[in-house]
Each structure stands twice: as structure tokens, then as C-alpha cells.
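Undergrad: this is a predicted model, with the sequence first.
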Amino acid sequence: MTLSGKRVLVTRSAEQAGELAALVRGAGGVPVLFPTIRLVPPEDPGPLDREIGRLASFDWVLFTSANAARFFRERAARLGNPSWPAGVRAASVGPGTARVLEFLGIPVRLTSETHTGEGLFEALKPHGVAGKRFLLPRAEEGRETLPELLAKDGGEVVAVVAYRNGLAERDDATAEEIVARPPDLCTFASPSAFRNLFALLGEEKAREMLRRSRIAVIGEVTRRAVERREFRVDIVPETYTLKGMVDAAAAYFARHPAAAPR
């Protein structure tokens with residue numbers, strides 16, 4: 001199954017678009033790069049700085065995205081804390097995040113097989129949750145599911161903002177192109193990537209483009225953000241990864257070869 005020439009809108013940040021674009025090309029599709037988000041540090045780094053300063057007091061540090069890992073490590077290095085405390089274990093939501101952690105010099109003790117907060121919680125349970133302290137560096141709009149599950153099982157959780165999804169600079173040429181000729185598929189990996197599309201294109205033009213395309217998302221949170229604006233999500237991969245989304249999109253177009261544009 002391939003994307004066989006389908007034009008695929010990539011809304012990830014300019015720094016991260018390359019991975020998804022390569023997967024799209026590998027599946028026979030044509031990536032259309034239009035970043036809608038720009039990854040930036042938290043407005044107030046104080047809470048993150050405080051927890052980095054007492055990192056050794058935690059039993060586990062939980063990373064639910066590669067972005068959280070990068071921003072956390074960068075801030076720690078800037079604060080003069082380049083080494084990882086020997087007694088603190090790091091856990092990753094999936095293999096992609098684990099590879100980034102290892103590259104950053106953070107030894108990964110646990111990687112969940114199911115790439116969600118719920119999956120990470122299930123992976124942690126055999127190691128014991130009650131009475132343990134967990135640090136969760138995450139995006140500003142991080143889900144509450146994992147902290148709630150850990151707290152319910154008796155864990156102490158400190159969730160802290162490591163980065164934010166800001167608004168990307170508008171690419172005027174690509175904006176005109178995708179409005180005039182909507183992509184076959186629009187992809188969104190976060191609610192902010194979807195919302196920012198409207199800020200960059202304008203409400204009316206964004207709606208018209210999306211009505212004439214198919215929509216793929218990673219995760220239920222992003223699905224709900226799309227559906228709140230009364231758009232149908234056509235593709236949600238079972239595996240919440242970029243490759244999972246591309247594979248699911250290829251399977252979708254194999255079942256609906258005439259799909260898009262609407």
C-alpha cells in the first residue's frame with residue numbers, strides 16, 4: 001500500500017517536518033510543508049528550573065514526547081546540570097522518544113509498548129507506583145490522564161511545562177497554494193497544529209481547504225480538537241507515531257482510491 005502521488009500537508013514545526021516528509025515520500029506521496037507551530041520554551045521557566053534543581057529527589061522522570069526530552073535536556077544543560085543522577089530512572093512513551101533520550105545522554109530504563117500515557121502507566125505498574133515520586137516534563141497542553149492514573153495508584157506526580165507550541169511564521173506562497181489546490185490529506189500531530197492552521201490561513205479559507213481534503217491525526221486529543229470544529233477525522237492510527245499515521249493513511253487510500261479532494 002502506498003500514497004501513490006497523494007499530496008500530504010505536513011503541519012509539524014520546521015525543525016521536525018523532515019521525518020514526516022521522508023515517511024510520506026517513502027510511501028509514494030508528495031509532502032507539502034506548511035508548519036503551523038513553532039516550538040518555544042515556557043513563558044515562565046521557573047517551575048521547570050526548580051524541578052531540574054531537585055531532580056535527584058525523583059524516582060522516575062517520564063517523557064511522553066521527544067520534544068519534552070529535548071527541551072528538558074537543553075534547559076538542564078543551561079542551568080549547569082549536564083549529568084543524569086544515578087538513582088533516577090527515565091521512562092519513555094515509545095521507541096522514538098527513547099532514541100532521542102539515549103542520544104541526549106539520558107539512559108532509558110523503561111519504554112512502553114503502547115505509545116500513550118495509559119500505556120506508559122501500565123508499563124510502570126510492575127515496577128511499583130505507590131509511594132514513588134514522578135517528574136513529568138511535558139507540553140503546555142499536556143494531557144492529565146497519566147498524572148491522574150499515577151496519583152490514583154498512590155504516586156506523587158509533579159507535572160511541569162517544558163515547552164510550548166507557538167504560532168509559526170506564515171509561508172505566504174504555500175498558503176496560497178494549499179488554498180487554491182487543497183492537499184489530498186492534511187495531517188495534525190497536536191491540537192495546536194490544527195488550531196494554528198486557522199490563524200495562519202484565516203477561518204474561511206482554512207475551512208474551505210479542510211472541507212476538500214481528508215484529515216489524519218495522531219491521538220484522541222487531536223481528534224477531539226478537530227471534531228470540536230465540526231470536521232470529520234478520516235484517519236487515526238492504532239499506533240500513535242508518525243509512521244503509524246503514514247501507514248494508516250496509505251491503507252485508507254488503498255480502500256478509497258478515488259478519495260480527495262472532495
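TA: Noted; the coordinates are in hand. Residues are numbered from 1 along each chain as shown.
Undergrad: can you give me the strands in the stretch 151-262 of the chain?
TA: 156-167, 185-188, 214-217 (DSSP state E, counting those that start in this stretch).
Undergrad: among these, which comes closest to S4?
TA: S4 lies closest, by C-beta to C-beta, to one member of the strands of the stretch 151-262 of the chain: strand 185-188, at 11.8 Å. Bear in mind the C-beta positions are built from the backbone N, C-alpha and C, glycine included.
Undergrad: where does pLDDT dip in the chain?
TA: 1, 259-262 (pLDDT under 70).
Undergrad: tell me where it has helices.
TA: In the chain, the segments counted as helices under DSSP state H are 17-26, 46-53, 66-78, 95-103, 117-124, 145-152, 172-180, 191-201, 203-211, 220-228, 242-255.
Undergrad: in TSV, list these along with mean neighbour count.
TA: Below are the helices of the chain laid out as TSV (neighbours: other C-beta atoms under 10 Å):
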stretch	mean neighbour count
helix 17-26	17
helix 46-53	16
helix 66-78	21
helix 95-103	18
helix 117-124	20
helix 145-152	18
helix 172-180	14
helix 191-201	21
helix 203-211	16
helix 220-228	17
helix 242-255	19
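Undergrad: gap between the most centrally placed residue in the chain and M245?
TA: The geometric centre of the chain, computed from its C-alpha atoms, lies nearest to A189 (C-alpha atoms, centre = their mean), at 5.2 Å. Distance, A189 to M245, using C-beta to C-beta, to the nearest Å: 8 Å.
Undergrad: residues shared between the contacts of those two?
TA: Common contact partners of A189 and M245 (C-beta atoms under 8 Å, 6 or more residues apart in numbering): L20, V217, I218.
Undergrad: export those as TSV, with columns for distance to P182.
TA: Converted to TSV, these look like this (distance: C-beta to C-beta, whole Å):
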residue	distance to P182
L20	18
V217	17
I218	21
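Undergrad: which among these gets closest to E144?
TA: I218 (18.2 Å).
Undergrad: list the contacts of the closest one.
TA: F188, A189, S190, V236, P237, Y240, T241, L242, G244, M245.
Undergrad: surely the fifth one is in contact with Y252?
TA: The reference is to P237. No. The pair P237 and Y252 fails to qualify as a contact (C-beta atoms under 8 Å) at a distance of 10.0 Å.
Undergrad: shared neighbours, those two?
TA: In contact with both P237 and Y252: A216, using C-beta under 8 Å, 6+ apart.
Undergrad: measure the closest residue to the residue nearest to the centre of the chain other than its chain neighbours to P137 for me?
TA: Residue nearest to A189 in three dimensions, not counting chain neighbours: I218, with 4.7 Å by C-beta to C-beta, 6 or more residues apart in numbering. Using C-beta to C-beta, I218 is found at 20 Å from P137.
Undergrad: the helices of the chain: which one's closest to L110?
TA: Of the helices of the chain, the one closest to L110 (C-beta to C-beta) turns out to be helix 117-124, at 5.7 Å.
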